[in-house]
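**Q** sequence and computational prediction follow.
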Amino acid sequence: MVLKIFFPQCCNTADSGLLVGRWIPGQNSAVVLAVVHYPFIPGQVKKYLIEIQSQTQVDLTVLGSWSMPKEGQEEMDSFLKDLSTIFPQRCWLQLSREIGKRGFACKVVQNKEKPLRCTEQKNGIDSSDEDKIVLVHYDQRKVMLSQLHPVQEVNQAEPEPSELRLVFQTVAQTQPLFFLDKYDDGPLKLTHWQSEGREGSIIAELLKQASGPVCTVLMWFLSLWLWFCSFRIFHVRPVVFISRKLSTCVQSGYRADHFKIVFSSKKAAIHMDFMRKANILVSFLVDIGLGLLLISWLYRENRISKLAETLVPVADELLEWLMGAPAGLKMNKALDQVLGRFFLYHIHLWISYIHLMSPFIERILWYVGLSASLGLTFALSVLSDIVALLTFHIYCFYVYGARLYCMKIYGLSSLWRLFRGKKWNVLRQRLFIGTLLFTILLFLLPTTALYYLVFTLLRLVVVLFQGVIHLSVDLINSFPLFAMGLRICRPYRLAGTALHLMMEINPLKCSSVLACYRTPTFSCYPKDSWVALCKKLFVGELIYPWKQKTAKTD
Amino acid sequence: MAEEEFTDINGNSISLECHTHSSFCKEFTVTSPKLSLRRVMVITCCVWLFAYAVFFFTANTAVLSSAIILTLVGMMVHIHFVKVDHETLLVIGSLGVQLSSSYASGRESTTFIEMSKLKDIVINEAIYMQSIIYYLCILIKDPVDSEKVSSVVPLFQSSKPRLNCLVEVYRSCQEILTESR
């Protein structure tokens, strides 16, 4: 069987001493975590190990001895051999290295006093044919900070946890061991990745201390807002219906949910929770930044008034064009006149409404634009709502045209069946009238079909535009910026599968980062497939392609 | 350190190098033929002649500059993402298997598969376009049921060596795998 020893790179040049670490249960391998230097008292070493064990729940033991003798320390070798009696183990490792040479020498002494010698080259592979030893060098700081994917939590036990996962978990869990550095006055001197001095930054510490009270204050504001929203008046049916349709209210609902997650005072216990919180916070900050940028651009050169001035004439022109368009092809004059008058009346209503509003539009736009300070997603939702309100007449026309067309098609299909003799004649033997009706409906079909086509196309344009806005809002809401940033700046923190024999950490692919860390949203993706959509369009059923799903989807 | 010449499924010559680090650690490197200069020149000339012809008719210099930029970008994308220089398989008994592809621009992409996840290394047949080819692949155990195979990782996908080369690699791998079980 091959014995695997994971050795930290920082201990390659450490002075002689004892190896402290853990035997991985179930596998024939060991992780070395630190080297305890001379002089030490064995009793104190044991006491320290028991203390760390109680703090971290990791069973640490003395694995063996490490000797890198300087001049005048050759008698260390014999001292080291006697140590195995003080710390009785099943298996005692003796790693040694000489200054100037690159290889390690490694001996394993079993309890039955049968030494198995081996020597190996730089990358730690044995060439003898007795028990073989593989030495894997790892970067302790990176392994401690990184998270192996696919993510599995500590208490979620796999039936046979893989060796690498146990190594990563061991190093991550024994953080208290790395708090003792060389400036401490304790009885023990250790070498590990932090023994040159613990790293810390004042700003990080201050932020950590300040985050507690800040979170409580923000939670209090949030609970105030939620109490306000729970008033009875907001739960009346019409208000609920409108608020579900307006994307601004929907977006503010999501944000309230997100804040509940981020500002809760419970510390994130598991990795996924921590990443979710971090992602939401970072997306929110970026969102606000983009919104402020938008404001600074929009309010600069009096753009608001320009926007307001172009809006009213555009509405007029659109409506006039609508009237002219359906008159292109050869159509039935009478029906054309009727439908035309009907729609014209609506258009006149709409024009008068717009003209009524026009002195106020600039003011309204100015205040609405300020809402972009709550975030770019808010501004986009408000834009989508404004578009929906301004094109409400298009929606009405589409509904009228679609209903008319739908009735016509149904009538035609049932009369067609009658025509071919397949259906019981509902007009009771008045075959002549049935045929007449069928012919009339058939020849009126092009007119209604044309109106339906035009209004449907217009409605589709509006729907597409709204869809694009919703998708981009969705993207900003759900994109895991923090995880992506981690992947780009500190790739070792999100580890795929690791290993070179000099263990380098392989960062996770960007697509896996996205798939793993997306914030779940109520996505409004198209409900029907393309085929179903076309079928509905042809028959004349009303389409609502961007239906909001009621259950959360990832 | 043995190096032998073989051919791949299209008839181009490739070379296999076996490096034995120790009795339970072996490394196999399959090197593909390098980028052919003649092919690069032919493609570049065709693209530029075509662009010049279009320029002749439209008299728009943007066509020429866009052709140049397109050729450059296409070349860079090809050597960085598409053209594989050599592929390596490193088998370490009772630790795992490492696959690495090194591209013509020097970029290396590695994957490591632990021994506990690996069921076996086998030679499999597949239908590729109009022919049936052999390829070496790693069978990955299902995490829930260790008798089932949950996925298959094919090896040496860019170089596609023929059966005689695969058999050699297969034999050496099996020696190591049987020992480590």
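**A** On my side now, so go ahead. Numbering: from 1, shown residues only, chains lettered A, B, ... in the order given.

**Q** near chain A, which residues of chain B are found?
**A** For chain B, the residues in contact with chain A (Cβ under 8 Å from any Cβ of the partner chain) are B:21-25, B:92-96, B:98, B:110-114, B:116-117, B:143, B:180. C-beta coordinates here come from the backbone N, C-alpha and C atoms, glycine included.

**Q** of those, buried ones?
**A** Among the residues of chain B next to chain A, those scoring as buried are B:21-25, B:92-96, B:98, B:110, B:112-114, B:116-117, B:180 (criterion: 16 or more other Cβ atoms under 10 Å in any protein chain shown).

**Q** my guess is B:P143 contacts B:S150, does it?
**A** Yes: counting by Cβ atoms under 8 Å, B:S150 is a contact partner of B:P143 at 7.0 Å.

**Q** now go through the buried ones among the residues of chain B next to chain A and say which are in strands.
**A** Using DSSP state E, the members of those that fall in strands are B:21-22, B:25, B:92, B:96, B:98, B:110, B:112-114.

**Q** okay, buried residues for the longest helix along chain B please.
**A** Criterion DSSP state H: the longest helix present in chain B is helix B:37-58. Under the neighbour-count criterion of 16+ other Cβ under 10 Å, helix B:37-58 has B:44, B:51 buried.

**Q** spell out the residue ranges of the strands in the stretch 301-450 of chain A.
**A** Ranges of strands in the stretch 301-450 of chain A, per DSSP state E, counting those that start in this stretch: none exist.

**Q** and for the stretch 1-150 of chain A?
**A** Along the stretch 1-150 of chain A, the segments classed as strands by DSSP E, counting those that start in this stretch run A:2-8, A:17-24, A:29-37, A:61-67, A:91-97, A:104-110, A:115-119, A:132-138, A:147-148.

**Q** least confident of the ones you listed, on average?
**A** The stretch with the lowest average pLDDT out of the strands of the stretch 1-150 of chain A is strand A:115-119, scoring a mean of 42.

**Q** now whichever residue of the stretch 201-350 of chain A sits closest to chain B, what are its backbone angles?
**A** Closest residue of the stretch 201-350 of chain A to chain B, Cβ to the nearest Cβ: A:M272 (18.5 Å). For A:M272, the backbone dihedrals (degrees, to the nearest 10) come out as phi -60, psi -40.

**Q** low-confidence ranges, the stretch 101-250 of chain A, go.
**A** By pLDDT under 70, the weakly predicted segments of the stretch 101-250 of chain A are A:101-104, A:110-132, A:151-161.

**Q** let's see it at 80
**A** Scanning the stretch 101-250 of chain A for pLDDT under 80 picks out A:101-135, A:147-163, A:176-191, A:193-200, A:229, A:231-245.

**Q** buried residues in stretch A:370-383?
**A** A:372, A:374-383.

**Q** what do you get for stretch A:233-252?
**A** A:246-252.

**Q** cool, and stretch B:162-178?
**A** Applying a neighbour-count criterion of 16+ other Cβ under 10 Å, one finds B:162-163, B:165-166, B:168-170, B:172-173, B:176-177 buried in stretch B:162-178.

**Q** ok, these vs chain A, which is closest?
**A** When these are compared against chain A (criterion: Cβ to the nearest Cβ), the nearest one is B:I176, at 10.6 Å.

**Q** which neighbouring elements make contact with whichever strand or helix holds that closest one?
**A** With elements taken from DSSP states H and E, the one containing B:I176 is helix B:163-180. When contacts are defined as 3 or more Cβ pairs under 8 Å, 6 or more residues apart in numbering or on different chains; DSSP states H and E, helix B:163-180 packs onto strand B:2-7, strand B:13-22, strand B:25-31, strand B:84-92, strand B:118-128, strand B:131-141.

**Q** switch the cut-off to 6 Å
**A** Applying 3 or more Cβ pairs under 6 Å, 6 or more residues apart in numbering or on different chains; DSSP states H and E, one finds that helix B:163-180 contacts strand B:118-128, strand B:131-141.

**Q** could you single out the most deeply buried of these?
**A** strand B:131-141 (a mean of 17; mean count of other Cβ atoms under 10 Å in any protein chain shown).

**Q** give me the angle between that strand and helix B:163-180.
**A** If you take axes from the mean of the first three to the mean of the last three Cα atoms, to 10 degrees, strand B:131-141 sits at 10 degrees to helix B:163-180.

**Q** after strand B:131-141, next one along is what?
**A** strand B:149-154.

**Q** and the gap between the spatially most central residue of chain B and chain A?
**A** In chain B, the centroid-proximal residue (Cα atoms, centre = their mean) is B:S158; its distance is 3.0 Å. Distance check for B:S158 against chain A: by Cβ to the nearest Cβ, to the nearest Å, it reads 19 Å.

**Q** quick check: nearest residue in space to residue 164, chain neighbours excluded?
**A** Just so you know, I chose chain A. B:E114 (6.0 Å; Cβ to Cβ, 6 or more residues apart in numbering or on different chains).

**Q** oops, I was thinking of chain B
**A** Leaving aside its sequence neighbours, B:N164 sits nearest to B:F6 (Cβ to Cβ, 6+ apart; 6.3 Å).

**Q** over to A:T435?
**A** A:F419 (6.5 Å).

**Q** coming back round to it: neighbours around the residue nearest to B:N164, how many?
**A** Neighbour count for B:F6, taken as other Cβ atoms under 10 Å in any protein chain shown: 17.

**Q** with A:V454 instead?
**A** For A:V454, using other Cβ under 10 Å, the count is 17.

**Q** with A:P25 instead?
**A** With neighbours defined by other Cβ under 10 Å, the count for A:P25 comes to 9.

**Q** and it, backbone torsions?
**A** phi -70, psi 140.

**Q** so what's it up against?
**A** In this structure, A:P25 makes contact with no residue, judged by Cβ atoms under 6 Å, 6 or more residues apart in numbering or on different chains.

**Q** identify the residues contacting the residue of the stretch 151-300 of chain A found nearest chain B.
**A** For the stretch 151-300 of chain A, the residue closest to chain B is A:S162, as judged by Cβ to the nearest Cβ, at 5.0 Å. Residues in contact with A:S162, defined by Cβ under 6 Å, 6+ apart, are B:114, B:116.

**Q** can you give me the pLDDT of B:F55?
**A** Reported pLDDT for B:F55: 93.

**Q** just checking, it touches B:A62?
**A** No: the criterion here is Cβ atoms under 6 Å, and B:F55 misses it with B:A62 at 9.1 Å.

**Q** and for A:T435, the neighbour number?
**A** A:T435 has 13 neighbours, counted by other Cβ under 10 Å.

**Q** do you know how far it is from chain B?
**A** A:T435 is 59 Å from chain B, where distance means Cβ to the nearest Cβ.

**Q** what about A:S243, helix or strand, and which?
**A** Per DSSP H and E: A:S243 is located in helix A:237-245.

**Q** the helix or strand that comes right after that helix - contacts with which helices or strands?
**A** Remark: after helix A:237-245, the chain's next helix or strand is helix A:247-262, criterion DSSP H and E. Applying 3+ Cβ pairs under 6 Å, 6+ apart, one finds that helix A:247-262 contacts helix A:271-298, helix A:376-390.

**Q** angle of helix A:247-262 against helix A:271-298?
**A** For helix A:247-262 against helix A:271-298, the angle by the same axes, to 10 degrees is 140 degrees.

**Q** over to residue 146: give its phi and psi.
**A** Because you didn't say which chain, this covers chain A. Dihedral angles for A:S146 - degrees, to the nearest 10 - are phi -90, psi 160.

**Q** oops, chain B please
**A** The phi and psi torsions at B:S146 (degrees, to the nearest 10) take the values phi -70, psi 0.

**Q** could you report the separation of it from A:S29?
**A** Distance, B:S146 to A:S29, by Cβ to Cβ, to the nearest Å: 20 Å.
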